[in-house]
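> predicted model, plus sequence, below.
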Amino acid sequence: MLEFHGVSKDFGAIRALHDVSFSVQPGEVVGLMGDNGAGKSTLVKIVSGIYQPTAGHLTFEGSREHIDSPAQARRLGIETVYQDLALADNLTAAANIFLGRELKYNVGPFRFLRHNAMNARAAELFAELKSETRADDLVRLMSGGQRQAVAIARTRLADARLILMDEPTAAISVRQVAEVLSLIHRLKDAGITVILISHRMPDVFAVCERVIVMRRGNKVADKPIGETSPEEVTALITGAKEAA
Amino acid sequence: MLEFHGVSKDFGAIRALHDVSFSVQPGEVVGLMGDNGAGKSTLVKIVSGIYQPTAGHLTFEGSREHIDSPAQARRLGIETVYQDLALADNLTAAANIFLGRELKYNVGPFRFLRHNAMNARAAELFAELKSETRADDLVRLMSGGQRQAVAIARTRLADARLILMDEPTAAISVRQVAEVLSLIHRLKDAGITVILISHRMPDVFAVCERVIVMRRGNKVADKPIGETSPEEVTALITGAKEAA
Amino acid sequence: MAETISGFSNVGRVRFWQKGFLASQSAYVLAALIVLVVVMAFASPNFLTPGNVSNIVRNFSFIAIATLGVTLVIITGGIDLSVGSTMALSATVTSLVLSGLAGAAVALFPGGALLLAILAGLATAAAVGFANGFAVAKLKLSPFVTTLGTLSIVRGLAYVATYGRGAYPTGPDKDLFLALTAGRLFDLVPISFVYLMILAMAMYLALHHTAWGRHVFAIGGNEAAGRLTGVPVDRVKIVVYMLCSLAAGFNGIIISGWLGSAPANLATAYELTIIAAAVIGGANLAGGVGGASGAIIGCVLIEVIRNGLVLARVDPYWQQTLVGCIIVAAVLVDRLRSLRNG
Amino acid sequence: MAETISGFSNVGRVRFWQKGFLASQSAYVLAALIVLVVVMAFASPNFLTPGNVSNIVRNFSFIAIATLGVTLVIITGGIDLSVGSTMALSATVTSLVLSGLAGAAVALFPGGALLLAILAGLATAAAVGFANGFAVAKLKLSPFVTTLGTLSIVRGLAYVATYGRGAYPTGPDKDLFLALTAGRLFDLVPISFVYLMILAMAMYLALHHTAWGRHVFAIGGNEAAGRLTGVPVDRVKIVVYMLCSLAAGFNGIIISGWLGSAPANLATAYELTIIAAAVIGGANLAGGVGGASGAIIGCVLIEVIRNGLVLARVDPYWQQTLVGCIIVAAVLVDRLRSLRNG
Amino acid sequence: QETYRFAVVPKAMNNPFFDLTRDGCMARAEELGNVECIYLGPVEHEAATQAQIVEDLITQGVDGLAISVSDTAAATTVINRAVEQGIAVITFDSDAADSQRTAYVGTNNKEFGVALGELLLEIKPEGGTYGMISGGAAAPNLAERVEGVREALAGSEWTEVPGSPTFSNDDIALAVQQAADLKTANPDLGAIVPVGGWPMFAPDGWRNFVDGFKADVDSKALALVVADTLPVQLELLSEGYAHGLVGQRPHEMGVVAMDTLLAIKNGETVDEIIYTGLDRVTAENVDEFLN
Ligand SMILES: Nc1ncnc2c1ncn2[C@@H]1O[C@H](COP(=O)(O)OP(=O)(O)OP(=O)(O)O)[C@@H](O)[C@H]1O
Ligand SMILES: Nc1ncnc2c1ncn2[C@@H]1O[C@H](COP(=O)(O)OP(=O)(O)OP(=O)(O)O)[C@@H](O)[C@H]1O
Ligand SMILES: [Mg+2]
Ligand SMILES: [Mg+2]
């Protein structure tokens, strides 16, 4: 459903992506791994419309798309958990989760917010993720893991066809990691495609069907999970093994 | 060398720490674990002088200390890797590493920066950490893992007696995780005390001698690593087991 | 901890002074204001006379409507320096149109000319706001420089439009115009105060009970995050700048009605006072924080200081110095809050 | 990619236009400035005459020194609205002391009275700066409100000091005073320009080659991070505000020397022009970005616009409008940079 | 004998011109004994602020008001309100003729302008091009002066350059810069006529500017005819840095304002228009004025 055709991205002298091509099938869970600075987040940001490729193009569900803004990506059904979380610190967790898709009721021509309904739904989502996060706390006052839980909870509301998760489990605690992985399983069962970026080898091997490895902007491997091993992937990431 | 005596910390209605007492011996590596929002970072920030305890006090190297600012903590020889990294985005990696302890040379009464020396030393530190981070890049343009590498590299320059690391390996890639763990080993060998906060069970069990588990602001366990197991710690974190 | 809520054993009940209005900067500045009023009442017997109170109410309504608008802009993390000029240009246009239609037969019904004149004035303001908003949102120019530019452009246009002379409202609808701007409701409440209250209420509802208000706060808190999560950032910003200019324009029209004149230098340098009022009332220039009640409290405070010093017959050369001191003192009060809430 | 450096295979060589000055806003504004100069030179044959060029140089030096100071404050993420008032108060104090010492025998050596007078003026400025810095750094007040307060306080003091009249420098050292402020080096270069160049150079060195400068940038980039990593944030901020006030005070003294008068309304409303110059030159009000060369370029641009429009004999009523348009256009040029650098 | 509190409201307190009015009013109040002079106005020239201050003074219960009108129509509204409250109101320096004020004390600004023009014709009858410098673009009295100058010079050999008048916003540094700009833009400029004293309030700035063309000025190739006769200006004139000055009498305005208000309060009738007259100063008679 998503295909990269020779995509490159330069930032001044830095070549963050170099001629990357791959494709993802509907309902697939693909792991994206690579060293720090390998270009994983840049790749995600190209799909979600933040960056434009310097060269190459991508197709989504068969048609060549020019994703020129995050709003456009959302319209296509692409939802993203960003590595830097993208939260408005001065709002509550519930407000962040519902940002851009608030629940409202009508009073004549006006549409007012359903505060209670949103808080209740947000609290439900956190309970589902087994996260110790309070829906009506300001995000500014939250711990690192609570912030990440807010970012993950957002995706639960979206009606997405492709979900990109950029290190969603970096800051969260053991028990929520398991919840996130089971969430990914459920998404897959619902036919939603997931691209998971993570530095945690066990997580990737637990949920992904295929793993793509990046090194210094190049794709160095693209293998079904069954045909590779953590050791091989580590070697690919560090550059000990050149390609596979 | 560091002792907590009944320390509590309230933020308005939130009790982030509740009557926490423990002590850390010189040269010890202690792991601090707990669910998201358990109060780990709050504890770190009390030691490093950002927050003042609401109740209780702490002693450092035997004497009761009132650590009322980060500068004071540094004077005592306490160095911290913060979870939110505390980097100045508009400066280069090298400038951040040397912030507050710049290398200078004298020209008459003036003291000018040794740009090249600082860049070279920073590049060395990144090489040591096996990190793909360029010393003269702006931190603003860096990937999440590169930023974390910068924060970790800072501690290498300090002449610290106690190093607090708040999730230092959250965003970094497999191979640097190994480097950070070996760094902690080296610190220990040099007689430096380390408190490591992490959600990665294997890491904690690999380097720590003792593990303290927090749950909703309370200390629920404090055990030598040999007397516990990942399963027990997980149970303590999630609250499945009440105390140990 | 006995009193916990919502299943989190480490969360107590929030005390009443730790939440809502009482925990806000506005509340502390309001306290400072009350102290000031008491002091002034002792310093000058004329201060609390009905006549003077009604003067104060009218005077602060004059800048308070514009302050509401500027507060919106400040919440998004922007700034609008062009409000003073916009007040002048809107007032000028309204007066010119009103006078121009005096002879013509366009006015289909009584008050028709006035309606057209006010619409023309507001349309001008909206155009200025659109220009500001477009430059800031779409061209991504710095709001400070952009609106400093429009400050100059718009003031220049007010001079050009009247060849420096300014305009004054005339024509058959003039009395209606005066009644609608300088009049008093039930012979007591200045009508500008009524407008202010209605607009403040609308702003409160919009900010706290609509999705649009959420978006305004989100943009101020983290614009990038807003953009990434589907908030129509550019549209919201443009609307905010337009509302700000409209408020300023409306305010300018009211002042010109009260003055019976729209001089081209009307409201010169008001922008700093207006922004100060917003900031004193708790709006944060870094974005993400602010509200209608704070804006009004800030305006009242500034007007009480000004009026009080005149009534207390302080040497005029010292007045300026004292105004500055009291402004700083008022924000200093807010530090108490931070100390108390840790 | 053949040309990689430092062992990173994904990093090419940085093109010359992608780094340093050429990649900065200042460079693009400089380009806009050059275009403007060429246009003006065609529009008015008198624009590039030596007399006019030297006028322009002198005029922008008058605000440029204060702009250097304000740029420092802006880099730390603050703002200083009190510069215009500080210019007036310093000039007033200097003139008063100079006149006061005219009769007295304190002057131990020739120029002694002048030295004392200038020191008194600068000490006044330093005191204002210290008050600003203390309020912002230690009391954590908003720089906007604090300096708006001092704007009013300091201006009030200038009025009080002279009872509204302003002061004139007189006394035996007056000629020396004039030579040191309004003179020309080698009968050609206005001496104020020489001061400007020396100060700009010092500022460049301090910002980019000392630890102090690093700290100034770090505070602007992330104040909390600076505090956590041992930067003496409060001290640096206080020094920055003091330097800003000192620069403004020095600037005020120079202007008053050139004018031969220190009116109490000297430099009224200059603060907005000065801040605009700093911002046009690339300083970012959000903090962390700015520099000496940009500040100067911003001042030159504003002065060239002003002077050019007069020389081009534009209708004075339109001039204000055009100034605004050109300011906006100048910052618009900077968008080109963002487009090119992606 | 009853005591009265009279307020003098200038257009802007930051203008040295009004300081003289204040001094006159204070001095006269002291002489009279039963009158107190309150001097209060907006710091900067702005009509709405002035109106608010007048309202405050009405509330304060002053007995009389002398206002230098910032904007005619705006002042008319407040003046009428004050008169309704039974307060004696006059205007000074700048008038609002349609209001219910009892009298105007001050200069006839049109005449003032005409006098400037006539003085220029006297000094340099052969004509040329001239440029004017004004203060705020919105000040009606300055606009009248500009008109007066134009009227006096209409039909003569003098022509106005484009871009005149420049508006200095009462900023004296800017006024000097504009004088220099006018001369640069029009190298063959024959005269500069500031309709207020601004550029000469910066004595050394003005000297500096004139020194660049000292020969032209000495030969009257560049004539300098300036409004106002403050002491600095007289000194500059005696040093040859100007050819003619036309001055108002701000100090006298303060004195007469007090007298007029007192007369009204005492029930006497006063003239509606009281001109305080103009002083024409040239090199010949400057010494009289300097003393
Ligand atoms: N806006 C930008 N401007 C310049 N360089 C950038 C920019 N964004 C990213 N880079 C650079 O591009 C490279 C790839 O960054 P990216 O964020 O994609 O890495 P990543 O694979 O996500 O790393 P991590 O695992 O640390 O998150 C890095 O060298 C980074 O410094
Ligand atoms: N400044 C603050 N004001 C109010 N509440 C705060 C503040 N800082 C932290 N908290 C709250 O205190 C609790 C503990 O936070 P803390 O950051 O110590 O958690 P943590 O154990 O580090 O979690 P994580 O594993 O997610 O980093 C959380 O509920 C958080 O919301
Ligand atoms: Mg990344
Ligand atoms: Mg934490």
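Now that the structure is in, tell me what you want to look at. Residues are numbered from 1 along each chain as shown, chains lettered A, B, ... in the order given. Ligands and ions are numbered 1, 2, ... in the order given.
> for chain A, what helix or strand is lowest in average pLDDT?
strand A:63-65 (a mean of 84; mean pLDDT, DSSP states H and E).
> buried residues, the helix or strand following that one. List them.
Scanning forward in sequence from strand A:63-65 by DSSP states H and E, the next helix or strand is helix A:70-76. Of the residues in helix A:70-76, A:Pro70, A:Ala71, A:Ala73, A:Arg74, A:Leu76 count as buried by neighbour count, 16 or more other CB atoms under 10 Å in any protein chain shown. Any C-beta I mention is one placed from the backbone N, CA and C, and that applies to glycine too.
> and what of stretch C:215-229?
For stretch C:215-229, by 16+ other CB under 10 Å, it's C:215-223, C:225-229.
> relative to D:Asn52, which of those is nearest.
Nearest to D:Asn52 among these: C:Glu223, at 43.9 Å, using CB to CB.
> who in chain A is up against chain C?
Neighbours of chain C within chain A, by CB under 8 Å from any CB of the partner chain: A:48, A:50, A:69-71, A:74, A:80, A:82, A:85-91, A:95-96, A:99-102, A:104, A:110-113, A:115, A:123, A:132, A:134, A:154.
> select only the buried ones of these in PyMOL?
Remark: buried members of these, expressed as a PyMOL selection using 16+ other CB under 10 Å:
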select buried, chain A and resi 48+50+69+70+71+74+80+82+85+86+87+88+89+90+91+95+96+99+100+102+111+112+113+115+123+132+134+154
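> what helix or strand is E:Val226 on?
Going by DSSP H and E, E:Val226 is part of strand E:223-227.
> contacts for whatever helix or strand comes next after that strand, please.
Sequence order places helix E:231-238 as the next helix or strand after strand E:223-227, per DSSP H and E. When contacts are defined by CB atoms under 8 Å, 6 or more residues apart in numbering or on different chains, helix E:231-238 is touched by residues D:168, D:261, E:197, E:200-201, E:203, E:206-207, E:226, E:242-245, E:247, E:281-283, E:286-287, E:289-290.
> give me the angle between helix E:231-238 and strand E:223-227.
160 degrees (axes from the mean of the first three to the mean of the last three CA atoms, to 10 degrees).
> next, the buried residues of helix E:231-238.
E:Val232, E:Gln233, E:Leu234, E:Leu236, E:Leu237.
> format the residues you listed as TSV; extra columns: pLDDT and distance to B:Ser182.
Formatted as TSV, these follow (pLDDT from 0 to 100; distance: CB to CB, whole Å):
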residue	pLDDT	distance to B:Ser182
E:Val232	85	80
E:Gln233	88	83
E:Leu234	90	87
E:Leu236	90	82
E:Leu237	90	87
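> stretch A:72-85 and chain B, any residue contact?
Yes: Stretch A:72-85 is in contact with chain B by CB under 8 Å from any CB, via A:Gln83, A:Asp84.
> is whatever residue of the stretch 1-150 of chain E ends up closest to chain B in a helix, a strand, or coil?
Nearest to chain B in the stretch 1-150 of chain E, going by CB to the nearest CB, is E:Glu44, at a distance of 38.0 Å. Under the three-state scheme (DSSP: H, G, I helix; E, B strand; the rest coil), E:Glu44 adopts coil.
> that one and C:Thr146: what is the separation?
24 Å (CB to CB, to the nearest Å).
> just the pLDDT for whichever residue of the stretch 101-250 of chain E sits closest to chain D.
Closest to chain D within the stretch 101-250 of chain E is E:Asp204: 2.5 Å, counting by CB to the nearest CB. Per-residue pLDDT puts E:Asp204 at 85.
> where does it sit: helix, strand or coil?
If you use three-state DSSP, then E:Asp204 falls in the helix class.
> go on, E:Val105?
Taking three-state DSSP, the label given to E:Val105 is strand.
> what's the pLDDT at it?
Taking E:Val105 on its own, its pLDDT is 90.
> low-confidence stretches in the chain?
Because you didn't say which chain, this covers chain A. Applying pLDDT under 70 to chain A flags no residue at all.
> hm, I was asking about chain E
E:1.
> for it, which residue gets nearest to chain B?
Closest point on chain E to chain B, by CB to the nearest CB, is E:Ala173, at 35.5 Å.
> can you tell me the helix or strand for that residue?
Judged by DSSP H and E, E:Ala173 forms part of helix E:172-185.
> residues of the stretch 101-250 of chain E that sit close to chain C?
That would be E:Gly136, E:Ala137, E:Ala138, E:Pro140, E:Ala143, which are the residues of the stretch 101-250 of chain E within reach of chain C (CB under 8 Å from any CB).
> ok, and the most crowded of those?
E:Ala137 (27 neighbours; other CB atoms under 10 Å in any protein chain shown).
> ok, and the closest non-adjacent residue to it?
C:Gly164 (4.0 Å; CB to CB, 6 or more residues apart in numbering or on different chains).
> now the least confident helix or strand of chain A, how far from the chain's geometric center?
Its chain's C-alpha centre and that of strand A:63-65 lie 21 Å apart, by CA atoms, centre = their mean, to the nearest Å.
> which residues does that strand contact?
Contacts of strand A:63-65 (CB under 8 Å, 6+ apart): A:His57, A:Leu58, A:Thr59, A:Leu76.
> looks like the residue of the stretch 101-250 of chain E closest to chain D contacts D:Ala182 (just checking).
Yes: E:Asp204 sits in contact with D:Ala182 when judged by CB atoms under 8 Å, with a separation of 6.4 Å.
> how about the contacts made by the residue of the stretch 101-250 of chain E closest to chain D?
With CB under 8 Å, 6+ apart, E:Asp204 has these contacts: D:Leu178, D:Ala182, D:Gly257, D:Trp258, D:Leu259, D:Gly260, D:Ser261.
> in what helix or strand does residue 56 lie?
Reading this off chain A. Going by DSSP H and E, A:Gly56 is part of strand A:55-60.
> I was after chain E.
helix E:47-60.
> quick one: name whatever helix or strand follows that helix.
strand E:64-67.
> briefly note if that next one comes near chain C.
No: using CB under 8 Å from any CB, we find that strand E:64-67 stays clear of chain C, coming within 13.6 Å at best.
> and the contacts of that strand?
By CB under 8 Å, 6+ apart, the residues outside strand E:64-67 that reach it are E:4-9, E:25, E:50, E:54, E:57, E:75, E:79, E:82, E:87-92, E:96, E:101, E:105, E:257-258, E:260-262, E:264-265.
> just stretch E:279-286 next, same as before
By CB under 8 Å, 6+ apart, stretch E:279-286 touches E:115, E:119, E:123, E:229, E:234, E:237-238, E:240, E:243-249, E:289.
> span of that stretch from start to end?
10 Å (CA to CA, to the nearest Å).
> now stretch A:87-98
Using CA to CA, the two ends of stretch A:87-98 sit 11 Å apart.
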